[in-house]
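Trainee: build the 3D model from these lines:
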Amino acid sequence: MGRSKLQLVRPLVFFDLETTGLNLATDRIVEISYVKLFPDGHREGKTFRVKPTMSLMGQEVQMHISDDATAVHGIHDEDVADCPTFKDLSAEIAADLRDCDLAGYNSNRFDIPLLAEEFMRAGVDIDLKKVHMIDAFSIFTKKEPRNLTAAYKFYCGKDLEGAHAANADVTATVEVLLAQVERYDDLPTDVPALEEFTQGTQKYADFAGRIIYDPEGEECFNFGKYKGMRVKDVFRRDPSYYAWLKNGEFPEYTKGVFTRIYISK
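Mentor: Next comes the predicted model:
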């Protein structure tokens, strides 16, 4: 493949996560792989196995990888028992992501929110809301609804070997997005416009999609009994709802947005 039509002003980091499960609030990363695509076209990549940990009685202990998750990615507890934790790796990963935009496959609804949670738990100050985020899955479902294996076959003419291993998936995603930009003349080639295409018109105040913006730019609930109502209005008339949210099983980033609105109401 010759030089891509994709227009980059700064590096674009393609990444993929394998995890202990699918709960954004409680599950952890067990493998992360990323490829940094630079404006001049060259690439650099890294893959880390990660020991997932959780706090138990004041101590960090290894977290069990669910059987369902292992059935997908093939990683067992013993495979990561001697690996570094995400906190151990967080400074290096954050340094690699700084001043970059992000891309992935079905990443906007899962990988990015979970990555944000891991950075918050590690105490790393990196604001992923300030970067452009492209989801190749969104482009694919709008253009040719399929999964990553089919996308790779359709766009690249290749069979995806080792599907659901982070390195194989992220490498395939690089090729898929570059091929998508080449294939569709009406598809934007710059990162901000691609972000808008993949995310659509609805904007979210958090990564988990629990808080949306209304046409006036005000945060509104996107779930529960107050769905569609402005968060600050609900907090003014029902302050106990904020207390319930803070104690509920929500991602820490989402709770942080609720706290900011509650304090400023």
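
Trainee: which helix runs longest in this protein?
Mentor: Criterion DSSP state H: the longest helix present in the chain is helix 166-183.

Trainee: any idea which helix or strand comes after that one?
Mentor: Per DSSP states H and E, helix 166-183 leads on to helix 191-199 as the next helix or strand towards the C-terminus.

Trainee: how about residues contacting whichever helix or strand comes after that next one?
Mentor: Downstream of helix 191-199, the first helix or strand assigned by DSSP H and E is strand 211-213. Contacting residues not belonging to strand 211-213 are listed as 202-205, 219-222, 231, 254, 257-258 [CB atoms under 8 Å, 6 or more residues apart in numbering]. For the C-beta atoms, the positions are set from N, CA and C on the backbone; glycine is no exception.

Trainee: quick revisit: which strands or helices does the longest helix of the chain pack on?
Mentor: Contacts defined by 3 or more CB pairs under 8 Å, 6 or more residues apart in numbering; DSSP states H and E place helix 166-183 against strand 12-19, strand 29-37, strand 43-49, strand 101-104, helix 136-143, helix 148-156.

Trainee: ok, which of those comes nearest Met63?
Mentor: When these are compared by CB to CB, strand 29-37 sits nearest Met63, at 8.9 Å.

Trainee: which helices and strands sit right next to the closest one?
Mentor: Contact here means 3+ CB pairs under 8 Å, 6+ apart; on that basis strand 29-37 packs against strand 12-19, strand 43-49, helix 67-73, helix 86-97, helix 112-122, helix 166-183.

Trainee: repeat that for 10 Å
Mentor: Other helices and strands packing on strand 29-37, by 3 or more CB pairs under 10 Å, 6 or more residues apart in numbering; DSSP states H and E, are strand 12-19, strand 43-49, helix 67-73, helix 77-80, helix 86-97, strand 101-104, helix 112-122, helix 166-183.

Trainee: then the longest one to CSV, C-alphas only?
Mentor: If I follow you right, that is helix 166-183. Taking Å, rounded to 0.1, in the frame of the first residue of the first chain, the C-alpha atoms of helix 166-183 are listed here in CSV:
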residue,chain,number,x,y,z
ALA,A,166,-4.6,-7.6,21.3
ASN,A,167,-1.6,-7.4,18.9
ALA,A,168,-3.4,-9.2,16.0
ASP,A,169,-6.5,-7.1,16.5
VAL,A,170,-4.8,-3.7,16.7
THR,A,171,-2.6,-4.5,13.7
ALA,A,172,-5.7,-5.4,11.7
THR,A,173,-7.4,-2.2,12.8
VAL,A,174,-4.5,-0.1,11.5
GLU,A,175,-4.9,-1.8,8.1
VAL,A,176,-8.7,-1.6,8.1
LEU,A,177,-8.8,2.2,8.9
LEU,A,178,-6.2,3.0,6.2
ALA,A,179,-8.1,0.9,3.7
GLN,A,180,-11.4,2.6,4.6
VAL,A,181,-9.9,6.0,4.0
GLU,A,182,-8.6,4.7,0.6
ARG,A,183,-11.9,3.1,-0.4
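
Trainee: average pLDDT for it?
Mentor: For helix 166-183, mean pLDDT is 94.

Trainee: now it against strand 43-49, angle please.
Mentor: Inter-element angle recorded for helix 166-183 and strand 43-49: 150 degrees (by axes from the mean of the first three to the mean of the last three CA atoms, to 10 degrees).

Trainee: buried set for helix 166-183?
Mentor: 166-182 (16 or more other CB atoms under 10 Å).

Trainee: isn't His42 right up against Lys36?
Mentor: Yes. Under the criterion of CB atoms under 10 Å, His42 makes contact with Lys36 at 9.1 Å.

Trainee: between those two, which one's more packed in?
Mentor: Comparing His42 with Lys36 by other CB atoms under 10 Å, the one with more neighbours is Lys36, at 17 against 9.
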